[in-house]
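3D model of this:
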Amino acid sequence: MAEPKSPDSAAARAEDLRTQLRRHEHLYYVLDAPEISDAEYDALINELKRIEAAHPELLTPDSPTQRVGGKPAEGFKKVRHSRPMLSLDNAYSAEELADWDRRVRELAGNLPVEYIAELKLDGLSVALQYEASGAGGARLSSGVTRGDGQTGEDVTSNIRTIRSVPLSIPSRLLEKGKMPEAFEVRGEVVMPAAAFLRLNEEREREGLPPAVNPRNAAAGTLRTLEPSIVANRRLVFFAYFLLVEGEYFAAGQTATLDALSALGFRVNTHRARVDSVEAMMKFIDKAESDRETLGYEIDGVVLKVDSHATQQRLGYTGRAPRWAIAYKFTAKSGITQVTAITVQVGRTGKLTPVAELAPVFIGGTTVSRATLHNADFIERLGLKIGDTVKVERGGDVIPKVVEVIEDAQHPRGKHRFVFPSKCPECGSEVVRAEGEVDYRCVNADCPAKLRESLLHFGRREVMNIEGLGEAVVQQLLDRKMVTSVADLYALTEEQLAGLDRFAEKSARALIAEIDGSRKAGLARVLMGLGIRFVGERTAELLAEEFGSIEAIEKASAEELERVEEVGPRISQAILEFFAQPANIALIESLKKAGVDMTAEKKQRSTELADLTFVLTGTLSTLTRDEAKKRIEDAGGKTAGSVSKKTSYVVAGEDAGSKLDKALELKVPVIDEAGLLAMLQSGSLKE
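Just a heads-up that it's a prediction; the model follows:
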């Protein structure tokens, strides 16, 4: 076709080409139903490129020619999610699903309970923001990785290259679905099997090691700073959540998937309504049998309560929604030989035996090492060096030895493994505390502990120091640039620029990350210190309760155990940590480096102090989570079961066995009005 001469005819032709190209992209990348050849598509897009080059005023950000743009100037910036991207609890059997189903139905009360079964895609979760385009319709404004669930990385430039992601959505589709012009779509970026195979063929030709699996390849691709490389990897985006004004789509999960499809997103067609555990397992068995033919990786099935109202009633735990669960497929396994047993030293000093294996291909990955947990585990297996063993990738990820094979074809090994009496890293004596299964190195200066401590300290969910990976940490240790995590804050750009494969720009970026971590706050610092048993949830609760590192340091066991989820074992670990002079010295060094070790102390009233409540049935005005929060803010505690120590049972509509138990034990029973009256007494603030 001849190039249009006038601006008006050029504008009309450009808009016509964009409409055609968007339609063909949707047919090819979303519906898998192309109508034209690649050559015909290329001819259309090349014509559009020529028109836009001749008439720059016609170029729009959502034009199909603009999918591949320039790379980010300073890497990927951090972005906080509109609401947390939570993980899911897991189930591995029909019995565990049945337990979950029972809990859901008990908590749902008289609200409807029906589930949607969807494939659990093995990729990278992302959140896409769409905003009003100004000319009607919506336009992609950002794409952010899941990150730690609270904060992710802005990878918009790379998301734009994924052709199953609409760059814009016309107003007619928004009007048809009664959607606003601003909303958020969440889903999974996966690398198809064919693209993964092609990637590894390219890496082999270039003399590079193959990518481990499609999930890692997808994650690595999406964090590549060159969008043109991302475009060539042929990633695919499947949408499964829709948020409007920060809330999940009110019509429910089935309606969500239908709405996403109507808006032009690729939605996985392998899904079904199920209303019983038997129906769940039938879908799961079919999905597992079909997984090798799908063309992309899955590692299970996700089950979600369909009704949005029921989802709201069920609410969330500290880390996951109660209305969804992931059923993980049976671990993939292989048979191989143990050639040696080595010992790794972790950041807490724990010594973990590791089986060195003759390489075996399991579930898309070559496995050459597997954990043996501890000396007792080796003893129970009766494992010897030279034995033939069955190895599983637990949850399709972590390799572990599960069985020794002993038959005529697989003779037993001859050498028993003896746990070392000295640390393999520093030569110090190792100890095994009474009642514990683990051996530990007690040398505070053990190089292995420092290496792991630095890596742990920099992790995204801890102090979030991007760039503090294994290669950098090892060089810092080899060159004796750090002897403590506190030394990180004394590093300079000049020092870092001298590291191997570390340019001035990389040094500046890492220093900026280290500087930024000073403001991470008390909860993250508590995690970074590596106190035994203190994970993310416990660290947050301690930070809310005490407000400063000094207050925690001075707290007694009794004061620590007043914190939710802190029992004698955790309190003892905290006391042991703060009893060590070396740890106090580390904290003082971090303070001098300007690391913030404070948090906003949660203000609690005392109306319900020392009282324990059990909630049962459906309350008329409060959700279960709201009632629990109100009780805890008033100084009370909530429990999941009724005992003689229970102060009150709060019984709503359709109260079940907990009410019967309360009557049997003569525990006082109150209704919601009684609870509200207790909460409103005194000076409790709303």
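
quick one: the helices in the stretch 401-550 of the chain?
Ranges of helices within the stretch 401-550 of the chain are 447-458, 470-478, 493-497, 504-517, 522-528, 536-546, 549-554, based on DSSP state H, counting those that start in this stretch.

make that the stretch 201-350 of the chain, sorry
Going by DSSP H, counting those that start in this stretch, the stretch 201-350 of the chain shows helices at 214-222, 227-232, 253-262, 277-290, 308-314.

Check the ones you listed for me and report the most buried one.
With neighbours taken as mean count of other CB atoms under 10 Å, the helices of the stretch 201-350 of the chain reach their highest mean count in helix 214-222, at a mean of 21. Where C-beta positions appear, they are placed from N, C-alpha and C, glycine not excepted.

Any regions of the stretch 401-550 of the chain where pLDDT drops low?
The model of the stretch 401-550 of the chain has pLDDT under 70 over residues 433-435, 442-445.

Thought L59 was touching R18, still the case?
No: contact criterion CB atoms under 8 Å: R18 and L59 do not qualify, at 10.7 Å.

Can you pick out the residue with more neighbours from the two?
Neighbour count, other CB atoms under 10 Å: between R18 and L59, R18 has more, with 22 against 15.

Which helix or which strand is home to that one?
helix 7-25 (DSSP states H and E).

Can you list the helices and strands that whichever helix or strand comes after that helix packs against?
Going down the chain from helix 7-25, the next helix or strand is helix 38-54, by DSSP H and E. Under the contact criterion of 3 or more CB pairs under 8 Å, 6 or more residues apart in numbering; DSSP states H and E, helix 38-54 touches helix 7-25.

how distant is the helix it packs on from the center of its chain?
Relative to the chain's own centre, helix 7-25 is displaced by 40 Å; criterion: CA atoms, centre = their mean, to the nearest Å.

What of stretch 351-362?
Here the centre of stretch 351-362 is set off from its chain's centre by 26 Å, with CA atoms, centre = their mean.

Kindly export that stretch (C-alpha atoms) in CSV.
Taking C-alpha atoms only, stretch 351-362 is exported to CSV below (Å, rounded to 0.1, in the frame of the first residue of the first chain):
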residue,chain,number,x,y,z
LEU,A,351,26.0,-28.1,60.6
THR,A,352,23.9,-29.8,57.9
PRO,A,353,25.1,-33.0,56.1
VAL,A,354,24.7,-32.9,52.3
ALA,A,355,24.7,-35.9,50.0
GLU,A,356,26.9,-35.5,47.0
LEU,A,357,25.2,-37.4,44.2
ALA,A,358,25.9,-38.8,40.8
PRO,A,359,24.0,-36.2,38.7
VAL,A,360,20.3,-37.2,38.0
PHE,A,361,17.7,-35.4,36.0
ILE,A,362,14.5,-34.8,38.1
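
what's the most buried one of the helices of the stretch 401-550 of the chain?
Most buried of the helices of the stretch 401-550 of the chain by mean neighbour count (mean count of other CB under 10 Å) is helix 522-528; its value is a mean of 24.

Show me what that helix packs onto, helices and strands only.
Judged by 3+ CB pairs under 8 Å, 6+ apart, the packing partners of helix 522-528 are helix 536-546, helix 549-554.

where's the spatially closest residue to T638 that is not a sequence neighbour, which helix or strand?
Distances taken as CB to CB, 6 or more residues apart in numbering place K628 nearest to T638, at 4.9 Å, with adjacent residues excluded. For K628, the host element (DSSP H and E) is helix 624-633.

for that helix, packing partners?
strand 612-616, strand 637-639, helix 672-680.

7 Å - rerun?
In terms of contacts (3 or more CB pairs under 7 Å, 6 or more residues apart in numbering; DSSP states H and E), helix 624-633 is packed against strand 612-616, strand 637-639.

ok, and for stretch 327-342, which residues are buried?
Neighbour-count burial for stretch 327-342 flags Y327, K328, F329, A331, K332, S333, G334, T336, Q337, V338, I341 (criterion: 16 or more other CB atoms under 10 Å).

Is the third one in contact with E297, as I believe?
No: judged on CB atoms under 7 Å, F329 makes no contact with E297 at a distance of 10.9 Å.

for F283, what are its contacts?
Contact analysis of F283 by CB atoms under 7 Å, 6 or more residues apart in numbering lists A117, A272, V274, V301.

out of these, which are buried?
For these, a neighbour count by 16+ other CB under 10 Å gives the buried set as A117, V274, V301.

Among those residues, which are located in strands?
If you go by DSSP state E, those have A117, V274, V301 in strands.

how long is stretch 178-189 end to end?
27 Å (CA to CA, to the nearest Å).
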